[in-house]
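>>> Requesting a structural model of the entry that follows:
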Amino acid sequence: MHQWTDVISRAQQGNPAPDRRIEKTPDEWRKQLTAEQFRVTRLAGTERAFSSAMCSLFEPGRYRCVCCGTELFDAANKFESGTGWPSFTQPLSDNVVAYISDGSHGMQRIETRCNVCAAHLGHVFPDGPPPSRLRYCINAVALEKEK
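Got it, this is the predicted structure:
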C-alpha cells in the first residue's frame, strides 16, 4: 500500500519502470483523443470540477488510462471526496502511476501521470481516508471505465 512518504520519495528520486512504454507524437494523440482529452492528458490541463458523472459512479470495475488502456485504479478504492473529481486511495499496482513534483500555479503538489504513456491524470494529496490517507484526485476525462 502506498503511503505519502512513498509518493514524495518517488517524486524526488524517480518512479519504478512500467511493464511497457507507449510513445506517440502529439499528432498521433490528437487523432486518437477528443479535444478535451488531449488538453487534459497531453497538455496537463484540468477539467471543470463536477463536470463528469464519473464522480458519483461507484459500480465495481476498473478504470483505465484513456490514452493507452493501462488499468490504473479499481472501483474498490474509489471514494466520494466532495472535490468534483473522481478520487481513489490507491493505484491498482505499484508501477502504473508516476509521481512528478509540480510547482505550477504557485502551489507545491504531486502530479500523477500514467507511467506507461505519460498522460497527465491529476494530483495526489495526503488528505484521503484511512488506511493510506491518500487522495488521488483524477480528471475523469483521463479515465475510461472498464466495461
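>>> List phi and psi for the most centrally placed residue in the chain.
The central residue of the chain, meaning the one whose C-alpha is nearest the mean C-alpha position (Cα atoms, centre = their mean), is Leu121 at 3.3 Å. Leu121 has phi and psi values of phi -100, psi -40 when expressed as degrees, to the nearest 10.
>>> Make residue 1 into 28 and carry on from there
Will do, 28 is the new start, and the previous item becomes Leu148.
>>> how about it, what does it touch?
With contacts defined as Cβ atoms under 8 Å, 6 or more residues apart in numbering, the neighbours of Leu148 are Thr68, Cys92, Leu99, Val124, Thr139, Arg140, Cys141, Tyr163, Ile165, Asn166, Ala169, Leu170. Every C-beta, even on glycine, is put in place using the N, C-alpha and C of the backbone.
>>> Roughly how far does it sit from Gly72?
Distance of Leu148 to Gly72, computed by Cβ to Cβ, to the nearest Å: 11 Å.
>>> Find the residues that touch each one of those two.
In terms of Cβ under 8 Å, 6+ apart, Leu148 and Gly72 are both contacted by the residues Asn166.
>>> what about the helices in this protein?
According to DSSP state H, the chain carries its helices in the segments 31-40, 53-59, 62-70.
>>> With mean neighbour count added, can I get those in TSV?
What follows is the helices of the chain, written out as TSV (neighbours: other Cβ atoms under 10 Å):
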stretch	mean neighbour count
helix 31-40	14
helix 53-59	12
helix 62-70	18
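>>> Those helices into a markdown table, with extra columns for distance to Gly133?
Written out in a markdown table, the entries for these read as follows (distance: least, Cβ to Cβ, whole Å):
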| stretch | distance to Gly133 |
| --- | --- |
| helix 31-40 | 18 |
| helix 53-59 | 27 |
| helix 62-70 | 19 |
